[in-house]
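Student: pasting the structure only:
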Ligand SMILES: Nc1nc2c(c(=O)[nH]1)N(C=O)[C@@H](CNc1ccc(C(=O)N[C@@H](CCC(=O)O)C(=O)O)cc1)CN2
Ligand SMILES: Nc1ncnc2c1ncn2[C@@H]1O[C@H](COP(=O)(O)OP(=O)(O)OP(=O)(O)O)[C@@H](O)[C@H]1O
């Protein structure tokens, strides 16, 4: 099966969930994450606004606000085809649809945070495997934005955690040189800590520069 076929199939399955199932799974995902050190240790957390059947970070967002965390949303960087900026998101922040129709806050320089200053990034995804390979919407946005995690082995932040339904897991996704592996994936069934290929395992090994 090609990547495009796999995307189509998994996206259709996501869209077929009922609103009640979607809401129940979203609450379970939040429960699994808020009891995990990845969440408790994080102060600056990026989330996303769910689009066309994506897992809903809503309950997690409410818990994060209650816990006093700072929240950020991805914004398509102007003048760059594949880069995301992260902009502060408070309850009153106005939102404007981007070119894909996904709402985003307006870019104000003092509200933008460099991606490497985030502690935790909750990423949307279409498919994932247990090595942390991620199939996204095909824009290469998250890989481009967090490529420092591959290039500089001593940079551990932010932690990238995918949010997905358990049925979005596939046995193995092909790995491209620019893919930035996910640290973990949270589904309605629990939190999966990913184990990258040994030769790609840059984050769990003791590192002289780290
Ligand atoms: N909710 C959410 N926000 C997000 C992402 C995401 O995957 N989900 N992104 C993650 O990167 C970035 C936006 N990337 C996106 C890439 C493609 C499409 C999309 O709808 N593609 C169309 C075809 C594109 C076209 O022809 O214009 C499609 O697949 O139907 C949407 C978002 C930033 N924000
Ligand atoms: N570092 C890079 N160098 C060159 N091309 C890249 C790089 N990152 C991404 N791309 C391009 O972006 C395209 C989409 O990448 P990929 O299929 O991995 O996106 P995705 O992870 O599914 O999408 P997204 O992160 O936006 O949800 C690739 O086909 C490739 O052409």
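Tutor: Arrived safely. Fair warning: this is a prediction, and the values are worked out from it, not measured in the lab. Ligands and ions are numbered 1, 2, ... in the order given.
Student: what bridges to the residue nearest the centre of the chain?
Tutor: Nearest to the mean C-alpha position of the chain, by Cα atoms, centre = their mean, lies residue 123 at 1.0 Å. Residues in a beta bridge with residue 123, per DSSP bridges, are residue 162.
Student: that one reaches residue 145, doesn't it?
Tutor: No - here residue 123 does not reach residue 145: they are 10.0 Å apart, not a contact under Cβ atoms under 8 Å. Any C-beta I mention is one placed from the backbone N, CA and C, and that applies to glycine too.
Student: packing partners of the lengthiest helix in the chain?
Tutor: The longest helix of the chain (DSSP state H) is helix 19-34. Contacts defined by 3 or more Cβ pairs under 8 Å, 6 or more residues apart in numbering; DSSP states H and E place helix 19-34 against helix 58-66, strand 184-187, strand 190-193.
Student: and the longest one with ligand 1, contact?
Tutor: No - where contact is defined by Cβ under 6 Å from any ligand atom, no part of helix 58-66 touches ligand 1; the two come within 12.1 Å at best.
Student: buried residues in that helix, which are they?
Tutor: Neighbour counts over helix 58-66 (16 or more other Cβ atoms under 10 Å) mark 58, 59, 60, 61, 63, 64 as buried.
Student: tabulate those residues (JSON lines), appending pLDDT.
Tutor: Shown next, in JSON lines, are those (pLDDT from 0 to 100):
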{"residue": "58", "pLDDT": "98"}
{"residue": "59", "pLDDT": "98"}
{"residue": "60", "pLDDT": "98"}
{"residue": "61", "pLDDT": "98"}
{"residue": "63", "pLDDT": "98"}
{"residue": "64", "pLDDT": "98"}
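Student: from residue 188, how far out is the closest residue to residue 97 other than its chain neighbours?
Tutor: Leaving aside its sequence neighbours, residue 97 sits nearest to residue 103 (Cβ to Cβ, 6 or more residues apart in numbering; 5.5 Å). Separation of residue 103 from residue 188 (Cβ to Cβ, to the nearest Å): 25 Å.
Student: higher neighbour count, the two?
Tutor: residue 188 (20 against 13; other Cβ atoms under 10 Å).
Student: now do the more buried one, the pLDDT please.
Tutor: pLDDT, residue 188: 98.
Student: can you pull the contacts of it?
Tutor: By Cβ atoms under 8 Å, 6 or more residues apart in numbering, the residues touching residue 188 are 24, 25, 28, 29, 165, 166.
Student: which one is the first one nearest to, not counting chain neighbours?
Tutor: Right, the one you point to is residue 24. In space, residue 24 is closest to residue 188, 7.5 Å off (Cβ to Cβ, 6+ apart).
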